[in-house]
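1. model the structure of this input:
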Amino acid sequence: MNKQWASVIIAAFFEVCWVIGLKHAGNSIEWIGTAVAIFVSFYLLIKAGESLPVGTVYAVFVGLGTAGTVCADSLLFGEPWKIAKIVCIVVLLSGVVGLKLVTGEPKDKEVSE
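-> This next block holds a predicted model:
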């Protein structure tokens with residue numbers, strides 16, 4: 001995995017953090033943390049999109065963020081697990097992995113002199 005794809009995964013982690021923050025923040029410190037998570041998430045997403053196919057980057061980012069948010073909701077806040085929910089997460093992550101596998105690595109741009 002290269003540095004740009006690692007940035008997408010880290011951005012998705014921060015997406016989960018800010019989504020949780022939007023629902024559960026209750027004081028100034030938590031709101032500031034949510035704002036920082038939004039900034040970090042989108043900064044990393046934008047930087048990765050500069051060198052990777054932006055459509056695939058965004059799909060992976062949203063897919064991982066969605067799956068991570070559903071899992072965090074169940075693990076941290078007691079949302080019940082249901083078979084249908086687990087199946088949907090597996091299908092979603094299968095699509096994300098599939099997109100990553102069929103997307104070629106970017107070729108270095110040659111500088112013309």
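
2. touching the host helix or strand of S94 from outside, list them.
-> Element membership for S94 (DSSP states H and E) is helix 83-102. With contacts defined as C-beta atoms under 8 Å, 6 or more residues apart in numbering, helix 83-102 is touched by W5, T56, A59, V60, G63, L64, T66, A67, V70, C71. Placement of C-beta: from N, CA and C, glycine included.

3. recalculate using a threshold of 7 Å.
-> The contact list for helix 83-102 (C-beta atoms under 7 Å, 6 or more residues apart in numbering) reads T56, A59, V60, G63, L64, T66, A67, V70.

4. what do you get for stretch 41-52?
-> Outside of stretch 41-52, the residues that reach it under the criterion C-beta under 7 Å, 6+ apart are Q4, S7, V8, I10, A11, F14, E15, W18, V57, F61, P106.

5. next, the fourth one: phi, psi?
-> Its backbone dihedrals place I10 at phi -60, psi -40, with angles given as degrees, to the nearest 10.

6. that one and Y43: what is the separation?
-> As judged by C-beta to C-beta, to the nearest Å, I10 and Y43 stand 10 Å apart.

7. counting neighbours, which of the contacts of helix 83-102 comes out on top?
-> When neighbours are counted by other C-beta atoms under 10 Å, V60 leads these with 25 neighbours.

8. just checking, that residue touches S7?
-> No: taking contacts as C-beta atoms under 7 Å, V60 lies outside contact range of S7: 10.9 Å.

9. now I20. Nearest residue, chain neighbours left out?
-> Leaving out its chain neighbours, the residue that sits closest to I20 by C-beta to C-beta, 6 or more residues apart in numbering is A72, at 6.1 Å.

10. for the one you found, give me the pLDDT.
-> What the model reports for A72 is a pLDDT of 92.

11. now the helix holding S94: mean pLDDT?
-> Average pLDDT, helix 83-102: 87.

12. tell me the buried residues in it?
-> For helix 83-102, burial by neighbour count (16 or more other C-beta atoms under 10 Å) applies to I89, L92, V96, L99, K100.

13. pull up the gap between the third one and C17, please.
-> Using C-beta to C-beta, we find V96 at a distance of 19 Å from C17.
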